[in-house]
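**Student:** Model the structure of this input:
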Amino acid sequence: MSKMSGVNRLEVEKYSCPDCEVDLNDEDVRNSWRCPKCNDFVHIWAHDPGTNTKITLVRKRADEVEEGDMVHLPGQLTKDCYWVLGISKVKSQIGIGLKGYGQYKLAADEPVNCRIGGG
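**Tutor:** Okay, here's the model as predicted:
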């Protein structure tokens, strides 16, 4: 199992490619979170009925996160997200500087939920 398939998820998720204008299923995207046709990031509409949280996100590898992204920490998709202020290499890990949190370290191939909108 790839690390990307073990990412934190909400109870209800729908996947689509905005460039190809196609809906996708979990099997199509779970190992890369990219469109199998064009390789762009898949947009994920996610909903947690328990908290009524509705968000739109993309999933990136830690080494794909960029300054300006808004990220959710693992297990916190229904909570606050943090602005990425900078990225640095810390030994064998990626250090992601988060506004209001500090540095969060991950392996380069670990999945990161990046918020791109509300529900």
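**Student:** Could you pull out the buried residues of stretch 17-28?
**Tutor:** Cys17, Leu24, Asp28 (16 or more other CB atoms under 10 Å). Any C-beta I mention is one placed from the backbone N, CA and C, and that applies to glycine too.
**Student:** Just the CA coordinates for it, please, in CSV.
**Tutor:** Taking Å, rounded to 0.1, in the frame of the first residue of the first chain, the C-alpha atoms of stretch 17-28 are listed here in CSV:
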residue,chain,number,x,y,z
CYS,A,17,-10.9,16.3,-12.6
PRO,A,18,-11.6,20.0,-13.3
ASP,A,19,-9.5,19.9,-16.5
CYS,A,20,-11.0,16.7,-18.0
GLU,A,21,-14.5,17.5,-16.5
VAL,A,22,-14.9,13.9,-15.4
ASP,A,23,-16.0,12.3,-12.2
LEU,A,24,-13.6,9.6,-10.8
ASN,A,25,-13.9,6.8,-8.3
ASP,A,26,-11.6,5.9,-5.4
GLU,A,27,-9.8,3.2,-7.3
ASP,A,28,-8.9,5.6,-10.1
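**Student:** on that earlier part again, ok, of the buried residues of stretch 17-28, which one's closest to Arg34?
**Tutor:** Ranked by distance to Arg34 (CB to CB), those are led by Cys17 at 8.7 Å.
**Student:** Not counting its neighbours along the chain, what's nearest that closest one?
**Tutor:** In space, and not counting its chain neighbours, Cys17 is closest to Cys35: 3.9 Å by CB to CB, 6 or more residues apart in numbering.
**Student:** doesn't Asp19 make contact with that neighbour?
**Tutor:** Yes - counting by CB atoms under 8 Å, Asp19 is a contact partner of Cys35 at 7.0 Å.
**Student:** So what sits opposite Ile96 in the bridge?
**Tutor:** With DSSP bridges as the criterion, Ile96 is bridged to Ile87, Tyr104.
**Student:** Which residue ranges of this protein form helices?
**Tutor:** Shown for the chain, the helices assigned by DSSP state H span residues 26-29.
**Student:** The spatially most distant residue from the centre of it and Ala107, how far apart?
**Tutor:** Relative to the centre of the chain, and counting by CA atoms, centre = their mean, the farthest-placed residue is Lys91 at 22.9 Å. Plainly put, Lys91 is 11 Å away from Ala107 if you go by CB to CB, to the nearest Å.
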